[in-house]
Each structure stands twice: as structure tokens, then as C-alpha cells.
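Student: please find the sequence and the predicted model below.
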Amino acid sequence: MGLFDKIKKLSVFSGLFSVDEDFFEELEENLILSDMGMDTTMEAVEELRSRVKERKIKEPEEVKACLREILVEMLDVGDTGLDLSGKPAVILMIGVNGVGKTTTIGKLANRLKNDGNRVLLAAGDTFRAAASDQLSIWADRAKVDIIKHGEGSDPAAVVFDAMNAARARKADVVLVDTAGRLHNKQNLMNELNKIRRVIDREGETSTKEVLLVLDATTGQNGLIQAKQFGESAGITGIVLTKLDGTAKGGIVLAIAKELGVPVKYVGLGEGIDDLQPFDPVAFAEALV
């Protein structure tokens with residue numbers, strides 16, 4: 001089974017006999033229903049119209065190939081890999097509660113460790129009850145170290161201790177969990193900024209990634225939350241979870257268009273190995 005086999009293919013291509021106005025209208029509707037969003041859909045369809053006309057395309061397979069080409073280009077908004085060159089590399093994980101952030105950290109820790117990295121987790125979500133306990137379970141499953149304080153303690157202090165521990169233990173990567181909710185939005189942003197300052201101060205040689213975890217099933221609503229949530233975070237990439245539970249894969253393109261940052265990983269199940277690097281070409285082939 002391929003990486004994106006559970007994504008619903010665009011039905012507009014089944015039984016396609018002519019590339020006419022009806023085809024383009026149905027394609028628009030299909031893309032919007034796939035959670036691609038109005039603006040992204042209009043841009044893609046207009047570009048397809050232009051290329052079909054310019055290249056005098058008439059065969060369905062050629063139209064498919066042309067649309068795949070356009071989708072891959074739209075997804076090209078940055079490097080889909082992680083920059084782990086500066087030691088210890090720091091990956092700050094952000095996202096609202098319920099998107100699968102803690103689970104994603106555990107899966108990513110497992111992947112990075114299996115790639116030969118020494119990984120340390122920092123339990124920076126001290127606001128949510130039992131968050132550090134849940135992260136500890138994933139640390140045990142992935143067989144990596146974790147730094148945590150008591151519930152309600154200062155998240156920046158946890159990160160400070162984790163950075164020091166990473167240096168002492170010669171860790172390659174520090175994965176930092178953060179709160180998905182505080183008393184209000186401003187408190188949350190202030191806390192994130194405080195954590196960033198600690199990371200910048202204590203990790204002068206560190207490369208830094210900020211990964212926003214998004215739930216694919218929430219579609220455009222999740223995108224709105226993400227734009228608000230990421231205003232002050234300097235996001236470098238997206239991890240899209242629960243893509244196995246939705247046929248609406250178009251959200252991937254809406255993210256690239258609206259946020260201008262690449263999807264780096266996708267979560268395709270509940271197992272520890274069910275986090276996979278995002279492949280734009282494989283995704284476009286699955287959707288079309």
C-alpha cells in the first residue's frame with residue numbers, strides 16, 4: 001500500500017472524454033470539496049486551463065500529468081527535510097490541543113533515534129494535566145531520555161534544563177513539547193516567545209526548527225487556527241496528522257498556499273512507525 005492510498009482520488013477524471021468547460025467546473029468543485037480552499041483551487045485550475053490550451057492537450061492522461069505537475073509546483077514552498085546540522089539541533093513542536101502533538105513527538109523521536117541520533121525530549125507543556133506523563137510513556141516506547149518538571153512549573157525552565165542536559169549528554173536533537181492552550185491567546189504567545197529566547201540563548205550553535213502540528217480532519221478551520229497560532233512562532237514546517245482518517249487531502253495544498261511553509265511529515269496511523277516524511281510527488285499522484 002502506498003503512502004497516500006487512503007486519499008480519495010479526484011473523481012472528475014473517471015470517464016473523462018473531453019476537456020471542456022464542464023470538466024473545469026467539475027474539477028473546481030472537486031478540489032474545493034477536497035479542502036483545498038477557494039483561492040488555491042482557482043489558482044490551480046486557471047493554471048491548468050492555460051497549460052492545456054498552450055500545449056493543445058486533449059488526452060485525459062496528459063491532463064492528469066499536467067495537473068500533477070501544477071500541484072507539485074504549488075507544494076514547492078521550502079525544504080521538506082529537517083535541518084539538524086547544528087548540535088544540539090532543537091525542534092520546537094507547537095499546535096492546539098487535540099491535534100496529536102504529543103503522539104507526533106514520540107513518533108518523531110523514534111524516527112530520529114532510528115536514524116542514529118541521540119534524542120532528548122523536553123516536557124514543556126506543563127499547563128495540561130498529565131501532559132508530561134503522556135510524553136514520558138512515548139519516551140519509554142522510543143527509548144529516549146526526557147527532561148520534565150512538575151505540573152504548573154515554568155516551561156522555559158524545563159527547556160533551560162533540557163538544553164543543559166543535551167550538552168552534558170552530547171545529544172544530537174532536543175524535541176520540545178509546548179502547551180496548546182493557556183488562559184488566553186496572549187499568554188500562549190508570550191510563553192512561546194519566552195521558550196524561544198531560552199533556546200536562542202542556550203543553543204548558540206543549534207539549528208532550530210519550529211514544526212506546527214495540524215489535524216487534517218479539521219480542514220479549513222484548522223488552517224485558521226494555525227494562522228493565528230503561528231503568528232509569533234516563526235514556523236519552518238508542518239506535520240499533518242490523521243491524514244489516514246480523511247479523504248480531504250487538499251488541505252496540504254491550502255497549507256502551502258496560505259502559510260507558505262512546507263509539510264515535512266504526515267501521520268498515517270497510531271503506531272510508533274506511522275509518521276512518514278512528506279513526498280509531494282507521491283501526494284500529487286495519489287490525489288489525481
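Tutor: Sure, I can see it.
Student: CA only for contacts and neighbour counts going forward, please
Tutor: OK.
Student: where in the chain is pLDDT low?
Tutor: For the chain, applying pLDDT under 70 flags the ranges 1-3, 5-12, 14-17, 182-184, 229-230, 232, 244-248.
Student: strands of that one, start to end?
Tutor: 89-94, 119-123, 145-147, 173-177, 208-215, 237-241, 263-267, 275-277 (DSSP state E).
Student: run me through the strand neighbours of the last one, direction for each.
Tutor: For strand 275-277, sheet partners with direction are given as strand 263-267 (antiparallel), following DSSP bridges.
Student: export the partner strand to PDB, keeping only CA atoms.
Tutor: Presented in PDB, the C-alpha positions along strand 263-267 are these (Å, rounded to 0.1, in the frame of the first residue of the first chain):
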ATOM      1  CA  VAL A 263       4.600  20.000   5.000                       C
ATOM      2  CA  LYS A 264       7.500  17.900   6.400                       C
ATOM      3  CA  TYR A 265       5.800  14.800   7.900                       C
ATOM      4  CA  VAL A 266       2.400  13.200   7.700                       C
ATOM      5  CA  GLY A 267       0.800  11.000  10.400                       C
END
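Student: contacts only, for the nearest residue to W138 once chain neighbours are set aside.
Tutor: If the residues on either side of it in the chain are set aside, W138 comes closest to G106, at 4.9 Å by Cα to Cα, 6 or more residues apart in numbering. Each residue near G106 by Cα atoms under 8 Å, 6 or more residues apart in numbering is listed here: 135, 138-139, 141-142, 272.
Student: from those residues, which land in helices?
Tutor: Members of the contacts of G106 lying in helices (criterion: DSSP state H): 135, 138-139, 141-142.
Student: whichever of the residues you listed end up buried, select them in ChimeraX.
Tutor: Buried subset of those, written as a ChimeraX selection, criterion 16 or more other Cα atoms under 10 Å:
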select :135,138,139,142
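Student: pipe the ones in helices among the contacts of G106 into TSV and attach distance to E43 per row.
Tutor: Converted to TSV, the ones in helices among the contacts of G106 look like this (distance: Cα to Cα, whole Å):
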residue	distance to E43
L135	41
W138	41
A139	43
R141	44
A142	42
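Student: wait, isn't C66 in contact with L48?
Tutor: Yes. Taking contacts as Cα atoms under 8 Å, C66 lies within contact range of L48: 6.9 Å.
Student: so which of these two has more stuff around it?
Tutor: A count of neighbours by other Cα atoms under 10 Å puts L48 above the other of C66 and L48, at 21 against 18.
Student: on that earlier part again, closest to P277 out of the ones in helices among the contacts of G106?
Tutor: Comparing the ones in helices among the contacts of G106 against P277 with Cα to Cα places A142 closest, at 17.8 Å.
Student: for the nearest residue to the closest one once chain neighbours are set aside, give me its contacts.
Tutor: Of all residues not flanking A142 in the chain, N110 sits nearest, at 4.8 Å (Cα to Cα, 6+ apart). Applying Cα under 8 Å, 6+ apart to N110 gives the contacts 142-143, 272-273.
Student: select from those the one having the most neighbours.
Tutor: Most neighbours among these, by other Cα under 10 Å: A142, with 21 neighbours.
Student: could you check how far that one is from K107?
Tutor: Using Cα to Cα, to the nearest Å, A142 is found at 8 Å from K107.
Student: okay, and the common contacts of those two?
Tutor: With contacts defined as Cα under 8 Å, 6+ apart, the residues shared by A142 and K107 are I272.
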